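Q: Quick one: sequence plus predicted model below, questions after.
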Protein chains: 2
Amino acid sequence: MNVGVLGGGQLGRMLALAGVPLGARFRFLEHRSPAPVDGLGEVVRAPYDDADALARFRDGLEVGTYEFENVPDASARALADAEIPVYPPPAALEFARDRKHEKDGFGALGIPTAPWRAVDDRASFDAAVEQLGLPAMLKTRRLGYDGKGQRLLRSPADLDAAWAALGDRPLVLEGFVEFSRELSIVGVRGRDGETAFYPLVENTHASGVLVRTDAPAPGCSPELQRTAERYAGAVMRYLDYVGVLALELFQVGDELWANEMAPRVHNSGHWTQNGAVTSQFENHMRAVMGLPLGSTEPVGHSVMLNLLGALPPAEAVLAEPMAHLHLYDKAPRPGRKIGHVNVCGPDREAVRDAARRIERTFPDGAGPA
Amino acid sequence: MNVGVLGGGQLGRMLALAGVPLGARFRFLEHRSPAPVDGLGEVVRAPYDDADALARFRDGLEVGTYEFENVPDASARALADAEIPVYPPPAALEFARDRKHEKDGFGALGIPTAPWRAVDDRASFDAAVEQLGLPAMLKTRRLGYDGKGQRLLRSPADLDAAWAALGDRPLVLEGFVEFSRELSIVGVRGRDGETAFYPLVENTHASGVLVRTDAPAPGCSPELQRTAERYAGAVMRYLDYVGVLALELFQVGDELWANEMAPRVHNSGHWTQNGAVTSQFENHMRAVMGLPLGSTEPVGHSVMLNLLGALPPAEAVLAEPMAHLHLYDKAPRPGRKIGHVNVCGPDREAVRDAARRIERTFPDGAGPA
């Protein structure tokens, strides 16, 4: 099956590695060169909105998908116009791409979120701050990821600088959430509506960037898992979703509040490559290709560590027998995601100890920028 | 690391899928077009002995390996002449490529085999038949695989036809082995001499072609496993081996007799992709790249079924939640290996039942030619 992927970063790379054994042949639309998908299929090297490139990209495709949600609508439409099915449905991109739409959607589906207000001008900004109080987080409605496009407001003295930095764009203000931890759930929905969910995982962020995932998240009740599945399932049904979806959550007491949704394979699901019966990448490809979903059962315990900015020596990481290395073939640059390590085994404490030893091999300069 | 692979079939394809996450970039030397490695790296499309192509193939490589043992010596030498390390060492190719050398080697290492005789002319053929008795198997010394280049001799009436078919080449005659089953062991040796072994597996052949592997082989004593590791380890040490090696064995009572050695990843190790902590493909790449080996521990029980000649519907195979599909992107042709299915889970009987249901989805015409 000829599969087109909008985007050619590490997620596209890992989708290809999982999809090739299923009989998929890949074509990517990606403007960067080099790109992590180089050598794993045909790369149409052009911006997402280049009409000629889009025509070449879509020629002969049987199905299209994304590895990046900030794709222009025109690109998705170009596939739809050629009657090429696109999964997840473009409506999911629109849902996820704009924090206001997303929060409105969560609200309509009965999924709790932190209190928030849309901010369109200085007056609505000041009103929102008054209503939600401080601290609060000012975020761009669009194009934010990995902590980019956001400012933490601790005191009234921070307002002017935040407004100067972000005030020219549509924004939302999010009230402060006293959460005990950050969790996420990755789900997958097939073309026939079959759904499956991986266990809740616990995520550790630094400077807004994911640095670590513990899977399954320790101390989650079956009820918490059911709640998370209910929320992710509601979003998937609402969007008539096909593929993998990730829902980032705050745990607040016994409750889960939605933070944001990613309409794609997700960094917090990378542990599934070695720690689950079927990886999120394989399940996304199965869903997109119209195949039955694979088991989402975890195999033991896993810790995923992101490799940010600088690589540790592969020899040192793999000296741990439970470690698996996943490199993205990207040039190191401060804070850049250039790979990850999965540590998986039957005993949680042994896995955590191995993860700790692996973190000690990280060179100076590794970590969020 | 730039890795060159001599050969571009399904083994090269699966080596690439396992090596890319470790940071390997692949170049293949392969004369067939299309080939299973297409799209997974650069393909130098030429015969193995094309000097110009070899020069292009080796340019810029950091290490070379094989996915096919019947490579001309000149190809291996072309890499060695350019001071590119080649693993496994070319001596391993020579050991495996000629049944007489192989059996001499097994004998010298104290590894039992079926009784055998070299056959160089009709007189030595007749003498060998008289010494070993019938039934017996006449095999070409070189270029035999998947049951090709061999004739079963049941009675004296079979001798003339067998001689007419094979008598123009150097041969060996193998005495009949009353074995209870066919086993194999896959081992791996790192550049530093570290070794690791997967558990013994049980193989089922039809018409000389592997159709099924059960892993771990049921009913193997720890002593049998130790014996198999001792034999495979002796071969690896003798050859100063680096990479994955497979040793095919007959179980004869409580003994293991060596049948043949493959100096590469092996069909009877395909189950490790889903049924072991680290696959044979990843471990071969780790060894070749000078990285520490990964754990060879099995995860539950596995059945590997080869897809020969015709593909079952992917939907039907993957309807079994324990099934994983691995396609080779090869055109179906009677008897041709075009993919395999791994069925893996914690319960052996459940895995076998699922394998049975999957076999029922195989279309007419599937199976050995």
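A: Looks like it arrived, so ask away. Numbering: from 1, shown residues only, chains lettered A, B, ... in the order given.
Q: burial of the residue of the stretch 101-250 of chain A found nearest chain B, as a residue count?
A: Of all residues in the stretch 101-250 of chain A, A:A196 sits closest to chain B, with a separation of 9.3 Å (CB to the nearest CB). In this view, the C-beta of every residue, glycine as well, is placed from N, C-alpha and C. Residue crowding around A:A196 was assessed by other CB atoms under 10 Å in any protein chain shown; the count is 22.
Q: residues in contact with A:V201?
A: A:183-186, A:213-217, A:268-269, A:271 (CB atoms under 8 Å, 6 or more residues apart in numbering or on different chains).
Q: same check, this time on A:A55
A: Shown in contact with A:A55 (CB under 8 Å, 6+ apart): A:A78.
Q: How about A:E359?
A: Contacts of A:E359 (CB under 8 Å, 6+ apart): A:L305.
Q: Could you rerun that using 6 Å?
A: Applying CB atoms under 6 Å, 6 or more residues apart in numbering or on different chains to A:E359 gives no contacts.
Q: Same question for A:P216.
A: The contact partners of A:P216, taken as CB under 6 Å, 6+ apart, are A:199, A:298.
Q: distance of it from A:V303?
A: When distance is defined by CB to CB, to the nearest Å, A:P216 is 11 Å away from A:V303.
Q: How about A:V242?
A: Remark: distance between A:V242 and A:V303 (CB to CB) = 30 Å.
Q: Looking only at neighbour counts, state which of those two leads.
A: A:V303 (29 against 25).
Q: Checking that one next. Helix, strand or coil?
A: A:V303 falls in the strand class when you classify it by DSSP: H, G, I helix; E, B strand; the rest coil.
Q: and it, what are its bridge partners?
A: According to DSSP bridges, A:D214, A:V343 are recorded as the beta-bridge partners of A:V303.
Q: from memory it sits against A:R356, does it?
A: No - in terms of CB atoms under 6 Å, A:V303 does not count as a neighbour of A:R356; the distance is 9.1 Å.
Q: give me the element the residue of the stretch 101-250 of chain A closest to chain B is part of.
A: With elements taken from DSSP states H and E, the one containing A:A196 is strand A:195-197.
Q: same deal with A:A128?
A: A:A128 is part of helix A:122-132 when elements are defined by DSSP H and E.
Q: what residue ranges in chain A score low on pLDDT?
A: Within chain A, the ranges that satisfy pLDDT under 70 run A:144-147.
Q: That one against chain B: which residues are in contact?
A: Taking CB under 6 Å from any CB of the partner chain as the test, the list of chain A residues beside chain B reads A:17, A:21-23, A:39, A:41, A:291-292, A:295, A:299, A:314, A:318-319, A:321, A:325-327.
Q: Now do the domain split for chain A, please.
A: For chain A, the domain assignment from automatic domain parsing gives the residue ranges A:2-86, A:115-175, A:181-359.
Q: picking that back up, the strand holding A:A196 pairs with which strands?
A: Strand A:195-197 has the following sheet partners, assigned by DSSP bridges: strand A:181-189 (antiparallel).
Q: Could you pull out the buried residues of the partner strand?
A: For strand A:181-189, burial by neighbour count (16 or more other CB atoms under 10 Å in any protein chain shown) applies to A:182-189.
Q: Over to stretch A:107-117?
A: Neighbour counts over stretch A:107-117 (16+ other CB under 10 Å) mark A:111-117 as buried.
Q: Please apply the same query to stretch A:43-62.
A: Along stretch A:43-62, these residues count as buried under the neighbour rule (16+ other CB under 10 Å): A:43-44, A:46, A:48, A:50, A:53-54, A:57-58, A:61.
Q: Kindly report the same for stretch A:360-369.
A: A:361-362, A:366-368.
Q: And those, which is closest to chain B?
A: Taking these together and measuring to chain B by CB to the nearest CB, the closest member is A:T361, at 12.3 Å.
Q: Check the offset of the strand holding A:A196 from the chain's centre.
A: Centroid displacement of strand A:195-197 relative to its chain, using CA atoms, centre = their mean, to the nearest Å, is 17 Å.
Q: Quick one: name whatever helix or strand follows that strand.
A: Stepping forward along the backbone from strand A:195-197, the first helix or strand reached (DSSP H and E) is strand A:201-206.
Q: could you give the angle of that following strand to strand A:181-189?
A: Taking axes from the mean of the first three to the mean of the last three CA atoms, to 10 degrees, one finds strand A:201-206 and strand A:181-189 inclined to each other by 130 degrees.
Q: In strands, which of the buried residues of stretch A:43-62 fall?
A: Where these overlap with strands, as defined by DSSP state E, the overlap consists of A:43-44.
Q: Could you measure from the closest residue to A:A319 other than its chain neighbours over to B:G193?
A: The spatially closest residue to A:A319, leaving aside those adjacent along the chain, is B:P292, at 5.0 Å (CB to CB, 6 or more residues apart in numbering or on different chains). From B:P292 over to B:G193 the distance is 12 Å, taken as CB to CB.
Q: A:R27 too?
A: Plainly put, A:R27 is 44 Å away from B:G193 if you go by CB to CB.
Q: okay, these two: which has more neighbours?
A: Under the neighbour definition other CB under 10 Å, A:R27 and B:G193 were set side by side, and A:R27 has more, 22 against 11.
Q: so where's the longest helix in chain A?
A: Across chain A, the helix with the greatest residue count (assigned by DSSP state H) is helix A:222-238.
Q: Quick check: which helices or strands does it pack against?
A: Helices and strands touching helix A:222-238, as assessed by 3 or more CB pairs under 6 Å, 6 or more residues apart in numbering or on different chains; DSSP states H and E, comprise strand A:181-189.
Q: any idea how far the strand it packs on is from the chain center?
A: Distance, centroid of strand A:181-189 to centroid of chain: 10 Å (CA atoms, centre = their mean).
Q: can you give me the angle that strand makes with helix A:222-238?
A: Our comparison of strand A:181-189 with helix A:222-238, counting by the same axes, to 10 degrees, yields an angle of 50 degrees.
Q: any idea whether A:L256 is helix, strand or coil?
A: Taking three-state DSSP as the rule, one finds A:L256 in the strand state.
Q: which non-adjacent residue is nearest the most centrally placed residue in chain A?
A: Chain A has A:H266 as the residue nearest its centroid, 3.2 Å off, counting by CA atoms, centre = their mean. In space, A:H266 comes closest to A:A246 once its chain neighbours are excluded; the distance is 3.3 Å by CB to CB, 6+ apart.
Q: again with A:G41
A: A:F26 (3.1 Å).
Q: How about A:F179?
A: Nearest non-adjacent residue to A:F179, counting by CB to CB, 6+ apart: A:F250, 3.7 Å away.
Q: Could you tell me which residues make contact with the residue nearest to A:G41?
A: When contacts are counted by CB under 6 Å, 6+ apart, A:F26 touches A:3, A:16, A:41.
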